[in-house]
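Undergrad: using only what follows, build the 3D model:
(3 chains)
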Amino acid sequence: MSFAPSQAAPSQAAPSLADRALLRRILANGGAVIALLVLTLGYTILSEPRFLSRLNLINVGRNFAFLSIPAIAQMLVMTVGGFDLSIGAVVAAGSLLTAATMGWATAAMPGAEAAAPWLSLAAVLAMGALIGLANALIVARLELSAFMVTLATGSILTGIALYLTQGIPVYGVPDGFVDRIGRGRLFGLPAVTLIALGVILLAVAVQRGTVLGRHLYAAGSDLKAARLSGVPVLPVQVAAYVAAGMLAGLTGFLMTSRIGSGQATIGGTLALETIAAAVIGGVSLRGGVARAELVAIAALFLTVIANSMNLLRIDSKFQTLALGAVLILALGFERLVLRRSA
Amino acid sequence: MLVTRGLTKTFGSATALQDVDFTLEAGEVHALLGENGAGKSTLINLICGTFPPSAGTIEMDGRPLGAGTVAAARAAGIAPVFQEFSLAPDLTVLENLFLGREKRQGLFLQKRAMRREAEELLAEIGFALPLDRLVSELSRAQKQMTEIAKALRLRPRILILDEPTASLTDGEARHLFRAIGLLRGKGVGILYVSHRMSEIRALSDRVTVLRGGRHIGTVETAATSDRALIEMMVGRPVEQLFPAIRSRPAEEVLRVEGLATADGAVEGASITLRRGEIVGLAGLVGCGRSELCRAVFGLDPLAAGEIALKGETLRRPSPNAMIRRGLCYFPGDRAAEGLALARPARENAGMAALRLPALSAGGTVLKTWREGAVVAAPFEDLGLRPMAPELPAGAFSGGNQQKVMLARGLLQDFDVYLFDEPTVGIDVGAKADVYRLMKRLVEGGAGVVVSTSELPELIHLADRIYVMHAGRVVTEIAGKGTGEAEILSHYFGE
Amino acid sequence: MTGQTASARSGAPARLPLQKILRALRMPLAILAALLVFAAFSPQVLTVGNLRNIALQASFLMIFSLAQCVVILTRGFDLSLGFTVSLVSVVSALAMAATGAVLPGLAAGLGVGLAVGLANGLLVGAVGLNPLVTTLGMGNILLALASTVSGGFPVSGLPAGFNAAFAQGTFLGLPAPIWSAALLLSLLGLVLHLTPLGRSWYILGANPRAGRAAGIRAVPVLVAAYAICSLLAAAGALLMTARTGSGEPNLGGNLTLESIAAAVVGGAKLSGGEGGISAAILGAVFITILSNGMNLVQVDGYLQQICLGLIILASLVLSRGARRR
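TA: Numbers count the residues shown, from 1 in each chain, chains lettered A, B, ... in the order given. The predicted model follows:
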């Protein structure tokens, strides 16, 4: 911080820019992503009636849950100006840990199967929190590139997971767990989808109504200004990474309940997919701008696209390609229309 | 109320502030006067706890202030208004007013209560601010007012204002002055940093002058003349700082016609420049004079207007094209735009001349082996200290960094030089070197434009002065010999 | 800023050479130490055959980390590098298998590299997109293309001359990949230190705005950086393809991470504007010795991945100059 007279910043908003400002406002408030979702849904429903079948919709709902929860996690970290490339690794590690603890608990405490999932959940959340804490402390305390740090921690974590399991899936997940959560339904909706909706609502509430939410935005928007204003920036950054780690762990837990075994490879492309969802949902790469509901809509959009490509029997390779292309297009859109430089 | 004794601050081997005794009484407006680099920033930063002193004490009501932390200073009721804003650009004005001190109930925000309090506060101090606008969409003046309102919300006992009117319009400044009067009446001590004599005279009870990190004196404002204050600040009669320039205006070399920038910072400015003269650009920070220079050089896109350089008309200038055509621009913010601080001084001096025959063969092979000798000459001319071209630019002092950047202009002969705030943050000796460089350029037949907030520079260097306001040139007046008051009278657009 | 600006008024010029020497010696010492540690555990490490093997391995990685260094110099990144390698491998193999000649394969491979580099460069340099996320997305596209073009299987049927010339060939007793790496490294060294382009990379990396204000045209300079990065990746891919004797859609798998690790460990600063070919050389040698040694001492492959991550983390922490982006 210095008191040196700063040079004039280019001043804003001449009247001639009013149209642009209105357009910006609409786009910044989710106009684009909602339009995208509606178009995709419309096209899919018209071209592929099977999309609306009950089974398919339930499938979409589940896949939405498995993308939207880690996307919210990615959004939290990006809100404070970071990145989390370790998210896929945490999901995979969470999956292994779920299966392992559950297998252990059912064997060690016969008759107490009901408690096993809770034990697993606690273990997974604790693991996610620890990894998030480590990421946050390295990134925020040492002021290192979040991208590189989480790339490295993700690689370490994947290595540990593979080393411990030697790449073999972990079995021993009780059927009751799979039936109740992974395949379970409540009010006709898949249980995992309900959990995802709960996470999204919680994120919206935190962003809009709490002191923490306000501080997350402030720390990402201008770290120095936030610090000068008395925002406890380090705890706020830690909170973002820890919450992200916990949500990633939760994702691993829920995915395991669906697959029925712990898999070291399920997180593969999640880092990319969650960043894509966040960017499409209007999250700024510089931090400070993020809205959970829009990220959720973007996650739904990506889920629907993937689902309709499946229904149309489009090769999964093209889904990979489409994801990359969509990510770059979303970035370009942000840069050119919203005029935010990354 | 606030007393500092023997306050000293060193950064590495450099002493920024030495042995300063300073007092601020309740209900007083105390002006702090000094050139850039005199230690004003260091003093306020110490008082508001940004960093701890190297020696000396700060006491509040006779009790020592906590160990140099922002929190301790804040708890004691010291509220700084930073020039470099402490606002989060992606939050609204309302959210920023309460940033870090939100009204809360448990974990949750009390939005309605905050809005009510904000409205009351703005009404009380007479600021009209759009509470729900994002700060990134505000004008510079509105940001400044938000920053002040944010500080006042805490009902401080000591308010520190660092050049608060630098970007305010006349009307906004009047509101501010009234608010200051109100606060003084309530017993708040106000530390007011400015180098505008008229403001200091109108507002302050006492003035403390710093120079070179030392306390030069504290005087009653009413009992001291402007001239005496300026000489305390500069340390010598003003005239000695500025060389006598024999300007001989010749043919026109640059003409700017109805220039407007795409971002609206300049809205139809026209100026001309002849060889052998210095033209000053005057006006408040944010009036568009810096942006005019940038636009002429091609750094910011144009919306309208044209530029004629040596008779050649250009509608879409680019830095590269302008340099090749003989126009050189020195950015006002050295660290941000002037220098690659991590690279050696040698590379910084040569970076605008990479395709020049002296430095490269046919623009494809750099004569790295000759570069050191080529840049040594301008460095010698400018008196670079230490004379170490291989040292990273960031390792030099402010004045010498400026010289590293200015060396760029001496590696080749330019016809037009644009200086933006050429003496910000450099010491008096380096200032004199910069002025001597201008003298040499002008007497050598180049045209020079100086955009500056330092009135003495306009008065002693410029042959003609354009005063700008809100992106337009409001008037053209004669330079040398014009009074400060005459120039200032145009700053608000009349 | 004040502290930094004023610090050097007196002692710094005298102190600088010592610091420089220490910094320059850090990596060679680490390399030596790694060699000795592994030699203590396995007698095979210091045999002529193994050292030759290390040199060969390292020469491939050097080319890739050099590619990474060029874009890191401009504050950029190439997360699509590994998939560029895969795509170049299968495309060049298909071209050679189809024509039965080597030259079309080389042309096709380098052409793919150039196209990828231009695309990355234009997106980052001209449109102004974030290099990390852009090249991440680009990598996905290339991955899909590589597996589509090849159908997911290795492409065989390459002309025998390809392997003979670019893998088996030797000159003065040294194999072709080592000569190729040496040639590319010296070429890039010349570009970095003796051309306006190289100088512009340094300046734009250290401070893009200052570079612009000094008349450096950022777009062509950045596009050139990404183009050269991908061309280097393509050259490395061709050499690796010659060695394996077939076009492999998974050839690049770990190369993105390894090239970044080598560059960062070798001393390339993520904040841009510093580093040179020595970072690529030293980093690649270090990483190669590490993986070679761990293989000889029979460290589990997954443990090796953990080590790689830890090493990246450690060198990030040690360099600390790397600011957050």
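Undergrad: could you use CA atoms for every contact and neighbour count after this?
TA: Noted.
Undergrad: residue contacts, C:Pro154?
TA: By CA atoms under 8 Å, 6 or more residues apart in numbering or on different chains, the contact set of C:Pro154 is C:Val90, C:Ser246, C:Gly247, C:Glu248, C:Pro249.
Undergrad: rerun at 6 Å
TA: Residues in contact with C:Pro154 (CA atoms under 6 Å, 6 or more residues apart in numbering or on different chains) are C:Gly247, C:Glu248.
Undergrad: the one 4 residues further on now?
TA: When the contact criterion is CA under 6 Å, 6+ apart, the partners of C:Leu158 are C:Met96, C:Ala97.
Undergrad: and with 8 Å instead?
TA: Each residue near C:Leu158 by CA under 8 Å, 6+ apart is listed here: C:Ala93, C:Met96, C:Ala97, C:Gly100, C:Gly245, C:Ser246.
Undergrad: just the residues you listed: which has the poorest pLDDT?
TA: Lowest pLDDT among these: C:Gly100, with 82.
Undergrad: could you report the separation of that residue from C:Leu94?
TA: Using CA to CA, to the nearest Å, one obtains 10 Å as the distance from C:Gly100 to C:Leu94.
Undergrad: the more surrounded of those two?
TA: C:Leu94 (25 against 17; other CA atoms under 10 Å in any protein chain shown).
Undergrad: would you confirm that the more buried one contacts C:Gly151?
TA: No - look at C:Leu94 against C:Gly151 with CA atoms under 8 Å: they stay out of range, at 11.4 Å.
Undergrad: common neighbours of those two, please.
TA: With CA under 8 Å, 6+ apart as the test, C:Leu94 and C:Gly151 reach no residue in common.
Undergrad: packing partners of the top helix by length along chain C?
TA: Criterion DSSP state H: the longest helix present in chain C is helix C:12-41. For helix C:12-41, the packing partners by 3 or more CA pairs under 8 Å, 6 or more residues apart in numbering or on different chains; DSSP states H and E come out as helix C:277-296.
Undergrad: I'd like the next helix or strand past the helix it packs on.
TA: Helices and strands here follow DSSP states H and E; after helix C:277-296, the next one along the chain is helix C:301-319.
Undergrad: and that next one with helix C:277-296, angle?
TA: Interaxial angle of helix C:301-319 relative to helix C:277-296 (axes from the mean of the first three to the mean of the last three CA atoms, to 10 degrees): 150 degrees.
Undergrad: give me the buried stretch members for helix C:301-319, please.
TA: C:301-314, C:316-317, C:319 (16 or more other CA atoms under 10 Å in any protein chain shown).
Undergrad: and the contacts of C:Leu158, which of them are buried?
TA: C:Ala93, C:Met96, C:Ala97, C:Gly100, C:Gly245, C:Ser246.
Undergrad: what parts of the stretch 151-300 of chain B come near chain A?
TA: Residues of the stretch 151-300 of chain B lying close to chain A by CA under 8 Å from any CA of the partner chain are B:Asp162, B:Asp263, B:Gly264, B:Ala265, B:Val285, B:Gly286, B:Ser290, B:Glu291.
Undergrad: tell me which element the spatially most central residue of chain A is part of?
TA: When CA atoms, centre = their mean is applied to chain A, the residue found nearest the centroid is A:Ala71 (1.6 Å). In the assignment (DSSP H and E), A:Ala71 maps to helix A:54-79.
Undergrad: helices and strands around that helix, which ones?
TA: Using 3+ CA pairs under 8 Å, 6+ apart: helix A:54-79 touches strand A:189-190, helix A:191-209, helix A:211-221, helix A:233-259, helix A:270-280, helix A:292-311.
Undergrad: could I get these as CSV with mean pLDDT?
TA: Shown next, in CSV, are the helices and strands packed on helix A:54-79 (pLDDT from 0 to 100):
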stretch, mean pLDDT
strand A:189-190, 88
helix A:191-209, 94
helix A:211-221, 94
helix A:233-259, 94
helix A:270-280, 91
helix A:292-311, 91
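Undergrad: and the ones you listed as a markdown table, adding distance to chain B?
TA: Below are the helices and strands packed on helix A:54-79 laid out as a markdown table (distance: least, CA to the nearest CA, whole Å):
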| stretch | distance to chain B |
| --- | --- |
| strand A:189-190 | 31 |
| helix A:191-209 | 6 |
| helix A:211-221 | 5 |
| helix A:233-259 | 10 |
| helix A:270-280 | 17 |
| helix A:292-311 | 16 |
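Undergrad: strands along chain C, start to end?
TA: Counting by DSSP state E, chain C has strands at residues C:170-171, C:174-175.
Undergrad: and the first one, how far out from the chain's middle?
TA: Okay, so that is strand C:170-171. Counting by CA atoms, centre = their mean, to the nearest Å, strand C:170-171 is centred 24 Å from the centre of its parent chain.
Undergrad: that one pairs with which strands?
TA: strand C:174-175 (antiparallel) (DSSP bridges).
Undergrad: before we move on, back to that, just the ones in helices from the contacts of C:Leu158, please.
TA: Secondary structure from DSSP H places C:Ala93, C:Met96, C:Ala97 of the contacts of C:Leu158 in helices.
Undergrad: you'd agree the last one is up against C:Ala160?
TA: Put plainly, it is C:Ala97. No - between C:Ala97 and C:Ala160 there is no contact under CA under 8 Å: 10.6 Å.
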